[in-house]
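Enquirer: 3D model of this:
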Amino acid sequence: MPKERIQKKVLADAFRAAFPHTIPIFAGFWFLGLTYGIYMNVSGFSFWYPMLMSLTVFAGSAEFVAVNMLLGAFNPLQALAMTLMINARHLFYGISMLDKYRGNGWKDVYLIFGMCDESFSINYTAEIPRGVDRGWFMFFVTLLNHFYWFSGAALGGIFGSLIHFNTEGLDFVMTAMFVVIFLEQWMKEKRHTSALAGIGVSLLCLLLTGPDKFIIPAMAAILGVLTLMRKPLEKGGDGE
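Expert: Residues are numbered from 1 along each chain as shown. So this is what the prediction gives:
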């Protein structure tokens with residue numbers, strides 16, 4: 001078989017394996033992307049603003065916050081601090097993906113850039129079928145999720161002035177999606193020590209710091225607890 005045909009088959013197999021995993025993300029990203037595009041439109045921005053930001057920034061929460069930043073006074077330090085607070089959890093995602101992302105060549109650059117909550121969840125937990133290239137699988141998961149967000153934001157920006165409906169409650173789509181991902185992971189595990197530890201640490205941080213500030217302390221505490229528990233978890237097969 002010619003080398004070119006082999007490469008096309010590798011790409012096709014990886015795409016077919018990745019696409020079903022991203023279908024739930026499509027629903028959530030399209031709703032929120034449309035909402036973001038409409039929000040930008042009613043805030044006075046042209047349609048190309050949400051298109052360009054969703055393509056180059058690709059950080060949903062930060063993009064929503066950026067609307068007020070763009071409308072306010074120029075303050076780069078405040079923008080840097082706010083963005084770091086909102087997306088600091090990606091530091092922990094990146095540490096978790098060091099081994100999985102290693103050795104994928106130029107694809108690693110895009111995998112790092114495009115790693116969002118949803119792509120991390122899929123690429124970290126998905127059981128990649130035998131014979132499917134791991135690097136291309138993760139690449140297509142990331143690319144598809146990026147495209148869903150970009151296309152939703154672009155359409156929302158273009159048709160925002162023509163659409164009038166109450167968008168309250170649409171953000172719960174993402175919450176529901178993460179609950180489903182958590183439950184799927186729970187069902188795959190033989191033991192649930194790590195999941196219960198994460199829930200317990202998060203609740204404790206929530207009580208100590210309040211709902212507006214608990215994410216970063218919770219992520220740091222979970223990382224510390226799981227690091228200390230790593231050997232017992234590996235011996236007990238908690239992640240299998």
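
Enquirer: For this protein, give me the ranges with low pLDDT.
Expert: With pLDDT under 70 as the threshold, the chain has low-confidence stretches at 1-3, 6, 161, 163-178, 181, 233-240.

Enquirer: Got the domain ranges for it?
Expert: 3-170, 189-240 (automatic domain parsing).

Enquirer: Hmm, residue 217 is touching residue 209, no?
Expert: Yes. Under the contact definition of C-beta atoms under 8 Å, residue 217 touches residue 209, with a separation of 5.7 Å. C-beta here means a position set from N, CA and C on the backbone, and glycine is covered the same way.

Enquirer: rewinding a little: so which of the domains of the chain is nearest residue 180?
Expert: Of all those, domain 3-170 sits nearest to residue 180, with 6.5 Å by C-beta to C-beta.

Enquirer: buried sites along the longest helix along the chain?
Expert: Taking DSSP state H as the criterion, the chain has its longest helix at helix 3-42. Of the residues in helix 3-42, 13-15, 17-18, 21-22, 24-26, 28-41 count as buried by neighbour count, 16 or more other C-beta atoms under 10 Å.

Enquirer: quick one on the thing from earlier: Serialize the domains of the chain to TSV and add fields for distance to residue 182.
Expert: Putting those into TSV (distance: least, C-beta to C-beta, whole Å) gives the following:
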stretch	distance to residue 182
domain 3-170	9
domain 189-240	7
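
Enquirer: Regarding stretch 113-133, how distant is the last residue from the first?
Expert: Taking C-alpha to C-alpha, to the nearest Å, the first and last residues of stretch 113-133 lie 20 Å apart.

Enquirer: again, but for stretch 124-132
Expert: When the end residues of stretch 124-132 are compared by C-alpha to C-alpha, they are separated by 16 Å.

Enquirer: List the contacts of that stretch.
Expert: Identification of contacts with stretch 124-132 by C-beta atoms under 8 Å, 6 or more residues apart in numbering yields 13-14, 17, 21, 96-97, 100, 134, 137, 141, 181, 184-185, 188.

Enquirer: related to what we said a few turns ago, just checking, next helix/strand downstream of the longest helix of the chain?
Expert: Toward the C-terminus, helix 3-42 is succeeded by helix 48-56 as the next helix or strand (DSSP states H and E).

Enquirer: who does whichever helix or strand comes after that following helix touch, helix- and strand-wise?
Expert: On the C-terminal side of helix 48-56, the closest following helix or strand by DSSP H and E is helix 60-71. Helices and strands touching helix 60-71, as assessed by 3 or more C-beta pairs under 8 Å, 6 or more residues apart in numbering; DSSP states H and E, comprise helix 3-42, helix 48-56, helix 76-87.

Enquirer: Thank you kindly, that will do.
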